[in-house]
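1. Got a predicted structure plus its sequence, pasted below:
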Amino acid sequence: MSAQGTTGRFPIRRPVVLGYADDPAGNAALHIAVDEARIRRSRLVVIHELVGAERPPAYGIDARGDTSASRRTAVVNVLSRIKDIAPGYDEIEVRVITSPIAEELGLASATASLLVLGV
């Protein structure tokens, strides 16, 4: 099966999916994933698991157990890194999760043109 399909006359572009961790390997993978998404003219889907200092309850959790503040912070940080790498590129979806990243990457890879791992 090719990475690109068609619906009628218009191509369907499968996304480039990145498993991202905020560390040197993750940032190197982010550069590769952004470059690939631009070359393929595809959307970039970044999947980031809250770990370490970001992981609730250590950071960003309120009295009700809400992790939305830490999720928003992580999204802003990832988008900021992408804007530094590729100003003007805006075909981006960031998914911040608290569950193990492997399952989410497995699901996302089923529709991806490329899976890049930086975790």
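-> Looks like it arrived, so ask away.

2. Check whether the residue nearest to the spatial centre of the chain sits in a helix, strand or coil.
-> The chain has residue 46 as the residue nearest its centroid, 0.4 Å off, counting by CA atoms, centre = their mean. Under DSSP: H, G, I helix; E, B strand; the rest coil, the three-state class of residue 46 is strand.

3. That one touches residue 77, doesn't it?
-> No - when contacts are counted by CB atoms under 8 Å, residue 46 is not listed as touching residue 77 (10.8 Å). C-beta coordinates here come from the backbone N, C-alpha and C atoms, glycine included.

4. Test my guess that residue 78 contacts residue 44.
-> No - with contact defined as CB under 8 Å, residue 78 does not reach residue 44; the gap is 10.2 Å.

5. Residues in contact with the helix or strand harbouring residue 39: which ones?
-> For residue 39, the element it lies in under DSSP states H and E is helix 24-40. With CB atoms under 8 Å, 6 or more residues apart in numbering as the test, helix 24-40 has contacts from 3, 13, 15-20, 42-44, 46, 81-82, 85-86, 89, 91, 113-114, 116-119.

6. cutoff 6 Å now
-> Helix 24-40 is contacted from outside by 16, 18, 20, 44, 85, 86, 113, 114, 116, 118, using CB atoms under 6 Å, 6 or more residues apart in numbering.

7. Sort out which residues of that helix are buried, please.
-> 26, 29, 30, 33, 34, 36, 37, 38, 40 (16 or more other CB atoms under 10 Å).

8. Out of these, which is nearest to residue 50?
-> Of all the buried residues of helix 24-40, residue 50 sits closest to residue 26, with 13.2 Å by CB to CB.

9. bridging residues for residue 44?
-> Going by DSSP bridges, residue 44 is paired in beta bridges with residue 16, residue 92.

10. now the strands for this protein?
-> For the chain, strands defined by DSSP state E occupy the ranges 4-7, 10-13, 16-20, 44-49, 92-97, 114-118.

11. just how off-centre is the fifth one within its chain?
-> In other words, strand 92-97. Remark: strand 92-97 is offset 5 Å from the chain centroid, using CA atoms, centre = their mean, to the nearest Å.

12. what's the angle between that strand and strand 44-49?
-> 20 degrees (axes from the mean of the first three to the mean of the last three CA atoms, to 10 degrees).
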